[in-house]
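> sequence first, then the predicted structure, then my questions.
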Amino acid sequence: MSRPAFTDDDKTFLRAILANPAELSAWLVYADWLDEHNDPRAEFIRLEVRRTLLANNDPERTEIEYTLREVRKHLDPNWVTIFDRPPIENCSPKFPFKCPKQWENLLATEENTVRHCPICAKQVHYCSTIAEAREIADEGHCVAVSLAVFRYPGDLALDDSEYSDEELAERRPTGDSNQNYQI
């Protein structure tokens with residue numbers, strides 16, 4: 001039988017993390033506690049923290065992102081949503097700058113998949129697929145697409161709603177399949 005994603009102990013750690021998500025020491029305390037309980041989720045947290053500390057062009061970052069994709073396959077997606085660190089997309093054109101907020105720094109709401117951006121005062125929706133992200137973005141909402149999703153330039157802007165995610169994956173350009181592109 002699998003372990004629930006949010007035990008009472010987990011919730012205590014998660015409240016501390018969500019109160020100040022940029023403070024990575026709380027993440028590491030939780031990872032230590034998970035390690036003490038032989039919980040494989042500790043690896044995911046440590047990898048996310050390590051990735052955060054690396055420059056975007058650091059080769060180790062690419063390796064970590066690949067490992068994160070593999071590890072997340074074995075974890076509860078609701079739990080992963082809390083620790084994923086995707087960029088925010090589809091921010092209103094009235095903001096001439098790219099939204100500087102990251103999912104992990106937004107304010108938690110009652111829904112795991114929705115956070116609040118204090119810059120634009122909008123809700124940001126965490127999406128597990130490009131199709132879901134397009135649908136929510138078309139409604140005018142900001143989105144954060146899971147880093148588990150393979151991305152290619154312009155994938156949110158394309159009108160590929162008649163294609164399945166598998167068909168879209170076939171259309172993905174060749175090259176580094178682990179690359180996440182900024183839109």
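Received, thanks. Residues are numbered from 1 along each chain as shown.
> E104 and R51, how far apart?
Separation of E104 from R51 (CB to CB, to the nearest Å) stands at 11 Å. Backbone N, C-alpha and C define where each C-beta goes, glycine included.
> shared neighbours, the two?
R85 (CB atoms under 8 Å, 6 or more residues apart in numbering).
> next up, the contacts around the nearest residue to L24 once chain neighbours are set aside.
Excluding the flanking residues, the one nearest L24 by CB to CB, 6 or more residues apart in numbering is V49, at 5.2 Å. For V49, the contact set (CB under 8 Å, 6+ apart) comprises L24, W27, L28, A31.
> can you tell me the helix or strand for the third one?
Secondary-structure element containing L28, defined by DSSP states H and E: helix 24-36.
> send the alpha carbons of that helix over as CSV?
Extracted C-alpha coordinates of helix 24-36, given in CSV (Å, rounded to 0.1, in the frame of the first residue of the first chain):
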residue,chain,number,x,y,z
LEU,A,24,15.7,26.7,1.1
SER,A,25,16.9,25.6,4.6
ALA,A,26,13.3,24.6,5.4
TRP,A,27,13.3,22.4,2.3
LEU,A,28,16.6,20.7,3.5
VAL,A,29,15.2,20.2,7.0
TYR,A,30,12.2,18.4,5.4
ALA,A,31,14.6,16.4,3.2
ASP,A,32,16.6,15.3,6.2
TRP,A,33,13.4,14.2,8.0
LEU,A,34,12.3,12.3,4.9
ASP,A,35,15.8,10.6,4.8
GLU,A,36,15.4,9.6,8.4
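> and N112, what does it touch?
N78, T81, I82, Y126.
> what residues sit buried inside the very next helix or strand once past the helix holding L28?
Remark: after helix 24-36, the chain's next helix or strand is helix 41-53, criterion DSSP H and E. Within helix 41-53, the residues that qualify as buried are R41, A42, E43, F44, I45, R46, L47, E48, V49, R51, counting by 16 or more other CB atoms under 10 Å.
> now the fourth one, nearest residue through space, not along the chain?
Once its chain neighbours are removed from consideration, F44 has its nearest residue in V71; the separation is 5.0 Å (CB to CB, 6+ apart).
> tell me where this protein has helices.
8-19, 24-36, 41-53, 59-72, 77-83, 130-138, 165-170 (DSSP state H).
> give me the neighbour count for F13.
Close neighbours of F13, defined as other CB atoms under 10 Å, add up to 18.
> so it sits against V29, correct?
Yes. Using CB atoms under 8 Å, F13 is in contact with V29, at 7.2 Å.
> now, which of the buried residues of helix 41-53 sits nearest G140?
Nearest to G140, judged by CB to CB, of the buried residues of helix 41-53 is E48 at 29.3 Å.
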